[in-house]
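**Q** I need the structure of the sequence given here:
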Amino acid sequence: MTILQTFNPGCYMRISTWSKLGLVFSALLLTGQACTINIGSSTRADGGVFRSDDHGQSWTQKNFVRQDKKQPVYLDDVTGRTLVFDQRQAGHIFLGTLANGIWETSTAGDQWQSTSLRSGAYDCLSLDPLNSQVIYTASGSNVLKSVDGGQTWKAVYTESQPLQVVDCVLVNPVIDNEIWATTSGGKMLFSEDYGQHWTLMYSLPPMQPRLLYIPRDNAAQLYVLTRNNGIYRSDNRGQKWTDLTINLPPEPGLKDIRAVDINPAGWFIATAGGLYKSLDRAQTWTAIPTLVTAGSVPIQNVAVNPTNAADILVTTEQRLQHTTDGGATWSVITLPTKRLPTLLAFDPRQADRLFFATFKQPKK
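**A** Modelled structure (predicted):
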């Protein structure tokens, strides 16, 4: 399973969204159904999900849902938060959105269909590595689990601390009965039985995780890369933790991590202070020069070719920069949207195929 986690355009939106999520989730529990939202329009917006089949040189909107009589329905107006690629089925992708629930495609974006969660914010999704019908996600104070590909959901954990939410959830990619979850208060929660029972393993400082990561060659190891509070590692399933933040260079903005891409050849982070890579799992970091002065404009997204770590794409504001030589030279690609890209990813099965999703600015 490949998971891409990307930046949060505004914390004020996160707070208001979670308050709405509490109402939405309560409705789901009472009715057993999700709210239906109208996301189609006669005039197409220049947002949603875009796909490139030629290594980022050209892009096409991939937002079609269905044809309702004479009016097609698209996802053009949603804000993408995370893309999860099914490691067991080519072209099978889940999209978590800021306000429009969780969507699924089995055709690499040619057509999308909704799960039963059609509203609310879903920043973090994780699939069982042995059965992609089993999905875990975070919603308000709850960890939700589906065993039927998203058609029905059950709360398997509820956070009891007031004003705290569950931020992220992760299935161990090697041991699928082991599930991790984090809360905004810093709790590291662990389940050894597919989410039925949970144990508080440790409490880190309050945080918003950018990515939870377990390497396949060490299933007892867990990394937490946060949005603004550093990087942490546990070597013994969460019982003790090492703060790896001190390994970041002292340049300003590096703790402000906007996106992460973990590649077989190294780790790459897009930050407010520039683009950096680590070849030793966050022990040391090296700056990768881009076309902007480090620290002047945040690097918002990064995507690294899974078969060639010198092939890197990043976004700064509405510009896409591309290097094929590890940052020695760059080219600029014009994106076919006026909206801000919120995530960028290579298809792990096809190195010439990429995706990005956009941010919809809320009306004032």
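**Q** count the residues that sit near the residue lying closest to Ser141 once chain neighbours are set aside.
**A** What sits nearest to Ser141 in space, not counting adjacent residues and going by Cβ to Cβ, 6 or more residues apart in numbering, is Glu159, at 4.2 Å. (Each C-beta comes from the backbone N, C-alpha and C, glycine too.) For Glu159, the tally of surrounding residues (other Cβ atoms under 10 Å) stands at 22.
**Q** try Glu192
**A** By other Cβ under 10 Å, the residues close to Glu192 number 15.
**Q** is it true that it touches Asn172?
**A** No. Under the criterion of Cβ atoms under 8 Å, Glu192 is not in contact with Asn172, lying 9.7 Å apart.
**Q** any common contacting residues for the two?
**A** When Cβ atoms under 8 Å, 6 or more residues apart in numbering defines a contact, the residues bordering Glu192 and Asn172 alike are Glu178.
**Q** what about Val169, how many residues nearby?
**A** Here the number of neighbours of Val169 (other Cβ under 10 Å) works out to 27.
**Q** tell me if I'm right that it and Tyr122 touch.
**A** No. Between Val169 and Tyr122 there is no contact, the gap being 10.5 Å when judged by Cβ under 8 Å.
**Q** overlap in contacts, those two.
**A** Common neighbours of Val169 and Tyr122, counting by Cβ under 8 Å, 6+ apart, are 137-138.
**Q** can you map out the strands along the stretch 1-150 of the chain?
**A** The residue ranges that make up the strands of the stretch 1-150 of the chain, judged by DSSP state E, counting those that start in this stretch, are 2-5, 49-52, 60-61, 64-68, 71-74, 80-85, 93-97, 102-105, 113-114, 125-128, 131-139, 142-146.
**Q** out of these, flag the one nearest Ala351.
**A** strand 49-52 (11.4 Å; Cβ to Cβ).
**Q** how much distance is there from the closest one to the middle of the chain?
**A** Here strand 49-52 shows a centroid-to-chain-centroid distance of 16 Å under the convention Cα atoms, centre = their mean, to the nearest Å.
**Q** what helices or strands is it leaning on?
**A** When contacts are defined as 3 or more Cβ pairs under 8 Å, 6 or more residues apart in numbering; DSSP states H and E, strand 49-52 packs onto strand 60-61, strand 350-359.
**Q** run the last query once more with 10 Å
**A** Other helices and strands packing on strand 49-52, by 3 or more Cβ pairs under 10 Å, 6 or more residues apart in numbering; DSSP states H and E, are strand 60-61, strand 80-85, strand 93-97, strand 340-347, strand 350-359.
**Q** partner strands of the shortest one and their direction?
**A** Each strand that strand 60-61 pairs with, and the sense of that pairing, follows from DSSP bridges: strand 49-52 (antiparallel).
**Q** buried ones in the strand it pairs with?
**A** Neighbour-count burial for strand 49-52 flags 49-52 (criterion: 16 or more other Cβ atoms under 10 Å).
**Q** what's the answer for stretch 150-168, then?
**A** Along stretch 150-168, the positions that meet the burial threshold by neighbour count (16+ other Cβ under 10 Å) are 150, 153, 155-157, 159, 164-168.
**Q** just those residues: which are in strands?
**A** The subset of these located in strands under the criterion DSSP state E comprises 155-157, 166-168.
**Q** looking at those residues, spot the one nearest Ser184.
**A** The closest of these to Ser184 turns out to be Asp167 (Cβ to Cβ; 5.6 Å).
**Q** just the helices from the protein, written as ranges.
**A** If DSSP state H is used as the criterion, the helices of the chain fall at 11-31.
**Q** by mean pLDDT, point me to the weakest helix or strand of it.
**A** helix 11-31 (a mean of 32; mean pLDDT, DSSP states H and E).
**Q** so what's the spatially closest residue to Leu170 that is not a sequence neighbour bridging to?
**A** If you skip the residues right next to it in sequence, Leu170 has Leu212 as its closest partner in space, 4.1 Å away by Cβ to Cβ, 6+ apart. With DSSP bridges applied, the residues forming beta bridges to Leu212 are Val224.
**Q** Leu212 contacts Phe190, correct?
**A** No. With the criterion set as Cβ atoms under 10 Å, Leu212 and Phe190 do not qualify as a contacting pair; they are 11.6 Å apart.
**Q** between the two, what contacts are shared?
**A** Where contact means Cβ atoms under 10 Å, 6 or more residues apart in numbering, the residues bridging Leu212 and Phe190 through contact with each are 180-181, 222.
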